[in-house]
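K.L.:
Please find the sequence and the predicted model below.
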Amino acid sequence: MPQKESVERVKTDLEIEEHLPMQERGWKAQAIGLYFILAMVATASAGLYGDGPISKKKSTENTTTVEHQRFYRFQSRMELKVELNNSSKTNGATVAFPAKYLEHFQVDSILPEPEKNVVDGDHVIYYFDGSGNFTITFFLIPRSIGAIDGSIAVDKSHFELKHFIFP
Amino acid sequence: MNPVVRGLAVYLFVYVVFRILGKRSLAEITTFDFVLLLIISEATTDALIGEDYSLMGCFIMVCTLVGVDYLFSVVKSKSKWFEVVSEGAPLVLVDKGQPLKKRMEKSKVDESDVLEAAREMHGLEKMSQIKYAVLERDGTISIIPN
């Protein structure tokens, strides 16, 4: 390390231990820590922990679009949007979730509310009444930490959902 | 999540953040700093308790926070290294009336802070009247006049 970067060395009559080498290491650690704080704010703004462009993922198949969060936080309310863009459709829609997937979430609310929901083997199927273009929003609260994978079926279209839930 | 793990994680995170901000961060609290502290405490409360509003959950959290704080103080008393790492050490900022610029810059203290402490504690007017100024571990500035 160049000599000019270190702080002044002084001899005083004071009975104190300055531990200068350790203080200098501490200042370096503080500088790194500040970068860590800035990085955390920047990545959070970009959505690395949910609710941002990095986190949002849209998948489209046929006339259906599913938007989900790739990253989210434990016990926070997460949106899963299903957009149906079929103007000729008149007989509503079904959304089927694997029961194993739903074990990791608490279904907080669904908008609009489903007409009914049934358990069919290892799937939970939600039936919605409606016609034309409409959006169904599931509000899910993650109950597990780490990677959660699952595949949902909207009518006959299948969508892979992959989340990483931060503690 | 287990309340003990939650308490430990929040304690360590807050500890590290305030250590990163440096000794002076809480030494002089402005009105806004005070409001900011209240907001931080509110944000950490939600993470600490989660959805557990039980009396036992509260007891566990209090015991975890007090316990880990006590454990830190025991380790600090046994290990000088840990004490310096976790709390820092006093630092001389002015030596015989001469401000030590690099030390001040590193510890985010300027001459006006030293002169303010000198005025408040001893009614001193000039830097030359200060024999030593020391930035203490708690972030306050001690003045030893000539």
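P.N.:
That came through fine. Keep in mind it's a predicted model, so treat the numbers as computed, not measured.
K.L.:
Give me the domain ranges for the chain.
P.N.:
All of this refers to chain A. Per automatic domain parsing, the structural domains of chain A span A:17-46, A:56-166.
K.L.:
if you could check chain B rather than the one you did, that'd help
P.N.:
Listed domain ranges for chain B are B:3-87, B:91-145 (source: automatic domain parsing).
K.L.:
Can you tell me which of these is nearest to chain A?
P.N.:
The minimum distance between chain A and those falls on domain B:3-87, with 3.3 Å, by C-beta to the nearest C-beta. All C-beta atoms are positioned from the backbone trio N, CA, C, and that covers glycine.
K.L.:
centroid residue for the chain?
P.N.:
Since you didn't name a chain, this refers to chain A. A:Y72 (2.0 Å; C-alpha atoms, centre = their mean).
K.L.:
please go with chain B instead
P.N.:
In chain B, the centroid-proximal residue (C-alpha atoms, centre = their mean) is B:K23; its distance is 4.7 Å.
K.L.:
if I look at it, how far off is A:N62?
P.N.:
Between B:K23 and A:N62 the computed distance is 61 Å (C-beta to C-beta, to the nearest Å).
K.L.:
What does the pLDDT read for A:A93?
P.N.:
Per-residue confidence (pLDDT) for A:A93: 88.
K.L.:
Now do the same contact list for it.
P.N.:
Applying C-beta atoms under 8 Å, 6 or more residues apart in numbering or on different chains, we find A:A93 in contact with A:V82, A:L84, A:Y127, A:F128, A:G130, A:F134, A:I136, A:V154, A:D155.
K.L.:
how close does the residue in chain A that chain B sits nearest to sit to B:A47?
P.N.:
For chain A and chain B, the shortest gap (C-beta to the nearest C-beta) falls at A:G33, measuring 3.3 Å. From A:G33 across to B:A47, the span is 20 Å (C-beta to C-beta).
K.L.:
how about the strands in the chain?
P.N.:
All of this is about chain A. Secondary structure of chain A (DSSP state E): strands located at A:56-61, A:64-69, A:71-73, A:78-85, A:93-98, A:105-111, A:116-120, A:123-128, A:133-142, A:146-154, A:157-166.
K.L.:
not quite, I wanted chain B
P.N.:
B:91-95, B:98-99, B:130-135, B:141-145.
K.L.:
Same list (those strands) but as a markdown table, adding distance to chain A and mean pLDDT.
P.N.:
Formatted as a markdown table, those follow (distance: least, C-beta to the nearest C-beta, whole Å; pLDDT from 0 to 100):
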| stretch | distance to chain A | mean pLDDT |
| --- | --- | --- |
| strand B:91-95 | 5 | 93 |
| strand B:98-99 | 9 | 92 |
| strand B:130-135 | 6 | 94 |
| strand B:141-145 | 7 | 93 |
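K.L.:
I'd like the ones you listed laid out as TSV, including mean neighbour count.
P.N.:
As requested, the strands of chain B are exported to TSV (neighbours: other C-beta atoms under 10 Å in any protein chain shown):
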stretch	mean neighbour count
strand B:91-95	23
strand B:98-99	15
strand B:130-135	23
strand B:141-145	18
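K.L.:
Would you reformat those as a markdown table and include distance to A:G52?
P.N.:
What follows is the strands of chain B, written out as a markdown table (distance: least, C-beta to C-beta, whole Å):
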| stretch | distance to A:G52 |
| --- | --- |
| strand B:91-95 | 41 |
| strand B:98-99 | 45 |
| strand B:130-135 | 40 |
| strand B:141-145 | 42 |
